[in-house]
Each structure stands twice: as structure tokens, then as C-alpha cells.
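In: this one's sequence-less:
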Ligand code: IVH
């Protein structure tokens, strides 16, 4: 009832407010840490608003651990330094990325503990080495009172305001926790959150972050907590700092693993990938297992950490300077390296697309030596602000092509005039001098030279001769370069006019190899309609479209003469493809190329037209990754295409299914990130058999 004599509302039932807060903490834990909410978001919001309303009327109810206090502090001028009650140590790093890296550590540990060969294996805990930044969370009487960065290990910075915004970090712990409890772990950014954040940055025309670690570090060191709140961070606990001693009623743990389980029960996120490993053999197995999972995880790791499990043994081993003898970080091969931009070249693709490519001082990254990295297009190159002479971060993860992720800016105050010029796409083709144009709404510039452009001619020949087109074995890029540069080949049919003499006359060409090429050319004349059609290199006509066209029309002449409306009846053919086909076959010189190829003896079987209605997979795009248990990649592809589906090379929002086999890498990761349905081989077969229950996307 309203108190008529006072302007403030009656004091609410404190026990009720307390219960409300507990309930909100509990639901936040289920949502953020366990990923298993038990109430709908709307119900959570309702409870949250109820608490907010009560606190608004009675400010004395606002406690630092209230669920309403995650965001709210004012921007700071600077972070306050704090001394760690227990120093934050670092770990010795094992850079030997072979199994011996794990063995060396085990050998050292056994020696230090005085164990001979007959003693049983040491029990370790093996954990991922999370790629974020170390954080110390101090709880007093179960309430988060301070979050501090590692700093130099002795002194860190107080970043409590920002850390409170992390949903996974409890603001309040159960009553059973010791009065003083410092939990240590890693603050990091999930890959999906990182991608979303960068997407937002791009939309707003702001600079993107180079990697998850930089993004996480930037968020933690944000002076304005409301900005930090928009940078989604996560947390994994992996250790302790100061804790109420056993004599004063603190907890007594026998092992590191037991301690982690307790932290989990108190509400902290502990990675499910943490495992007990006995002896060197199991450490090596863990290193390899996690290495295999690396690409598919939702977050970045840069290695694994091994820790002696028994806390008694840890105490016996002690420390060397700032590093414990009982732990080691075993790194994976780096996926990122620094290098210098030596130049920016512009390459011309088969369809005339101009691509800026950064020429780099060679670096070993992601298992290979990288000297080139694509900058994709002019906008991207300018947005990344990559200039000649810059130091850049190059990344190569899994089977993805190397990429320049960003520039390491020159030290502050360095003279900007000393940097090279901002990249501009040349307006003429660097190869043939034809005008390069960028169509309205397109990101790419294209050379308008067509087959007059030797770069396009080379690519067109290589495309025609590739395995999935007519296949001319042994006709590689070096040979094509020579043939085009010496003007031996001007158009595709010239390929079939190559004689032994003209081939053998080329530099570094042995008689035997010349003979092999002539034979391979002869063999390639017997082809199929889809291969030939795909080989012509018509823009937007990939293998799947070529197959669909061949199946629908049965013969080439019908395709060449079909009006757009008829082309549109083919599965998989939309307006862009139909228009591109028409444009191509409307050009007399393209029809001439086809006629001459036929005159040279290129043939294929032509069948009756088989106009097909929508097949079970029509309109669906599949990506195959990893090794399937029984089906070869091409087999799986054929099966999917026969059912009207399309097989693409990379995963995007448009992908309907990813079919993943053993050692699936970044494509699987991307699928999980984008929420694309993942099938194994069995799942694919069931889908093919059933033909029903297809994705509802
Ligand atoms: S334990 C005394 N465990 O690696 C050992 N550290 O120098 C203290 N890190 O910056 C650290 N994952 O932030 C430990 N599972 C893990 C870790 C981990 C990542 C980081 C840590 C620190 C560096 C160690």
C-alpha cells in the first residue's frame, strides 16, 4: 500500500530483493557459462526490470554485486595501478612444436622430482593455452571487488568496471566460498563475436581489429565501460591467486584438477578441453588432439599448457625466477607473423579481375613460407591502409589462403610522410594497357581487354586445360607463359595446332616432354559437354552450372542459341548466369572459337535434351571438407550434383550444408560460426536417400 505521508515508496522486503538478485545471478550463469538457460529471455528481462525499478526507488538496495551493476560506471581518466597480493607468474615456453616438446618437459619434471625409469608416470593436467590476456579476479566474501590485468606480474591495472560487463564472470559467488578468493584466468574474445564486432566496425567505417587477442586487449583497456560493454568478451578460469589460508578456514585442494572442478562448481567457466594426462605419451597425444581441433574451436589458442597435477609435487618443484618448474606452455606453429611489404602488385585474373597482391619479405607462417598475400580489392587494401615498406601481420590459418590482417602502425610520432602512398588501383590494365573499369555496385576493377590481354589469355588457357575441364596433362603455367609470351598461342584453338617442332623449340623443353604434351592434347579432344562448357570460362558458369545446362539441353548448339527465358528454366541458372551466357555466345569471336575447337577435333557425346524439374537438392549449396570415410570428394560432389545441389568451395551464409569428414579444418569452424548445418557422410547419404526433410532455410 502507498504511504500517504511520505514521498518514498515503502521499504521492500529485503529477503525478496535478495532472492531476486540470486535468481538473476543464477540465470545469468546458466545463460552465459552453461549455455543452457532455463527461462526465456523475456522472463529474465522482466525480473531484471523489476530489480531495476526497486533499486531506482531505494538506492540503498544497489550493491556492487547487483546484476544491474554490470554496466554503469563513468569513463575513467586512467587506470589505477594495483599490487597483486600474489604475483602473477608467467610460464616457460616450449617452442619445439614436435612431440619432443612434451617429452622434454616430462623428462625435466622427472629429473627434478628424482624419479627413475621404474617410477610410474607423472600425472599432469593438460589445458589449452587461450590466446587472450591474463586477469586476476578478487572476491571478498563472495563479491567481486577487483579485476586486475597482469601488468609486469607484480603490479597490474584495475579494470574492474570493464570486467564487470563480462556476462560469464560472476559478480557474486555461493556462500560456501572462502572470504578471500582470487581467481585467475584468461579474458578472450570468441571468434564469432570477433567477426560480428569487425562487421560492425566496418559498417561504421571504423578500423577493424587484427585478431581476437588485440580486440580483447582493446576492450579491457577501454576507459569508457559503456564502450567495453559493446565488445563481447569471455573468460576461462585456470588458476588461483591469494586465497584464505587453510589455517584460517580456507579450502584445501589436493590437486590442480580438483581446484578447477571446484571453481566450476562456484560458477566460473572452465574449459571442457582440460584433461588429465599421464606421462609424456599422453601429453603428446593431447598436443596432437588439440592441434587437430584448433581450427574448429570457437576461440583462438596458441598452444597447450601442461601442469603437474598434484599440488604437493608442485610445491616440491617450486620456481625458477618468475616461472614455475611444474608448468610449461607447448606452442603450436604460429598462424601469424610480422613481415615487411616489399611492393603491391596487381594481378589480372581469367575474367579480367584486377587483384592487388602484397609482395612480402618471406616469412614462415602456418607451416609454409609466404611471399604473397592477397589484398582482395582496392577498397580492402585502402581500408587496411597497407603501404609499401609497412610492417604487417600476415595470417595463414589451416587451408585458408594467406592474408594481410593489418598494419603494425609506425611508432607514435613517426613521420607519416615517410610512409609509402595509399594504394590506388591503376585505371589501365598493368598487363595489356586496356582500360580497367569498375562497374556500378561492384568492388572489382576489370581489364576490358578480353583475350587481347595476355594475362587473361594465359588464364583462359590454363582454365580450359585444367583437370576439371578438358584436362591437358602437363600443360602448366610455366609452359603457358612461354607459349603466350612467344605469341605461339593467341586463341584457344591454337593449342591444338601446336606441333612437336614448335613445342620442342621452346626454352628448356626436352623432346620427351614435347611428345607428352602433344599426346595429352590429343587425349583431351575426347571430352564431355559439361567439361567443354565449363572450360570455355564463361563468367558465372562453374562446373555445376555447366552440368545442369548440359543435362537440360543435351547439346551445345541448343545452349548457344537459347534465349535468356529458356536458359532461366535450367536449375541453378538465374538472371546473372543467363545474361552472361547470352553475352558470351552473342559475340561472333566466341562462336568462332567454339567452331574452330570442333574443327580441330574436340568432340563429346551429345544426348537428347532432358529438361528436369526441381530436384531434391535444387537451390541448395553444399561445401565438402575433410576426408569422408568412404566417399571420395569427387564422388560426393557427383552425388550432390546429380540430386540438383551445388558444391561450393567456401562456406558463407548462403551455404545450406557443410559435409565434414576427418580433419575438417577452417571450413568446419566457419560453418559452426555461421550456424550452418553440418553433416557427416552418413547424414549426407540419408539426405540423398530420403530426399525429404531438407534444410528449412
Ligand atoms: S597458467 C603459473 N594456464 O599464458 C602459471 N596460463 O605465461 C600461470 N595462458 O599470459 C599461468 N592459457 O594468461 C595458464 N591454461 C592456461 C593458460 C595460460 C593461457 C596465458 C596466461 C599468461 C601466459 C603464461
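Out: Structure's in. What do you need? What you see is a predicted model, and the numbers here were worked out from it, not measured in a lab. Numbering: from 1, shown residues only.

In: for the rest of this, base every contact and every neighbour count on C-alpha atoms.
Out: Noted.

In: which helices and strands does the helix or strand in which residue 355 is found pack with?
Out: Per DSSP states H and E, residue 355 falls inside strand 354-365. Packing partners of strand 354-365 (3 or more Cα pairs under 8 Å, 6 or more residues apart in numbering; DSSP states H and E): strand 336-348, strand 368-374, helix 378-384, strand 445-447.

In: for the helix or strand just after the last one, what is the average pLDDT?
Out: Note on strand 445-447: by DSSP H and E, the next helix or strand toward the C-terminus is helix 454-465. When pLDDT is averaged over helix 454-465, the result is 93.

In: please identify the buried residues of whatever helix or strand comes next after helix 454-465?
Out: Later in the chain than helix 454-465, the nearest helix or strand by DSSP H and E is helix 477-485. Within helix 477-485, the residues that count as buried by 16 or more other Cα atoms under 10 Å are 479, 480, 481, 482, 483, 484.

In: which residues touch the nearest residue to the second one once chain neighbours are set aside?
Out: Read it as residue 480. Nearest in space to residue 480, with sequence neighbours left out and distances taken as Cα to Cα, 6 or more residues apart in numbering, is residue 458 at 6.1 Å. The contact partners of residue 458, taken as Cα atoms under 8 Å, 6 or more residues apart in numbering, are 350, 477, 480, 481, 484.

In: among these, which one has the lowest pLDDT?
Out: Ranked by pLDDT, the contacts of residue 458 bottom out at residue 350, which has 85.

In: that one and the ligand: what is the separation?
Out: 45 Å (Cα to the nearest ligand atom, to the nearest Å).

In: do stretch 127-134 and the ligand meet at all?
Out: Yes: counting by Cα under 6 Å from any ligand atom, the ligand is contacted by stretch 127-134 at 127, 128, 129, 130, 131, 133, 134.

In: who wins on neighbours among those?
Out: Greatest neighbour count in the residues of stretch 127-134 next to the ligand, by other Cα atoms under 10 Å, goes to residue 128: 26 neighbours.

In: that one belongs to a strand, doesn't it?
Out: Yes: the assignment for residue 128 is a strand, going by DSSP: H, G, I helix; E, B strand; the rest coil.

In: assign a three-state SS to the residue nearest to it when sequence neighbours are not counted, would you?
Out: Leaving aside its sequence neighbours, residue 128 sits nearest to residue 304 (Cα to Cα, 6+ apart; 4.3 Å). Three-state call for residue 304 (three-state DSSP): strand.

In: start at 28 instead
Out: Okay, residue one is now 28; in that scheme the one you just asked about reads as residue 331.

In: residues touching residue 331, list them.
Out: Residue 331 touches 153, 154, 155, 156, 314, 317, 356, 357, 358, 359, counting by Cα under 8 Å, 6+ apart.

In: what of residue 376?
Out: Counting by Cα under 8 Å, 6+ apart, residue 376 touches 382, 482, 483, 486.

In: give me the low-pLDDT residue ranges for this protein?
Out: 28-36, 99, 426, 437-444, 639-642, 717-724 (pLDDT under 70).

In: and the longest helix for it?
Out: In the chain, taking DSSP state H as the definition, the longest helix is helix 41-59.

In: make TSV from the contacts of residue 331 and add distance to residue 105 to it.
Out: Shown next, in TSV, are the contacts of residue 331 (distance: Cα to Cα, whole Å):
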residue	distance to residue 105
153	37
154	34
155	33
156	30
314	40
317	39
356	33
357	35
358	34
359	36
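
In: mind telling me the two of these farthest from one another?
Out: Pairwise distances across these (Cα to Cα) peak at 14.2 Å, for the pair 153 and 359.

In: who has more neighbours, those two?
Out: Per other Cα under 10 Å, whichever of residue 153 and residue 359 has more neighbours is residue 153, with 26 against 22.
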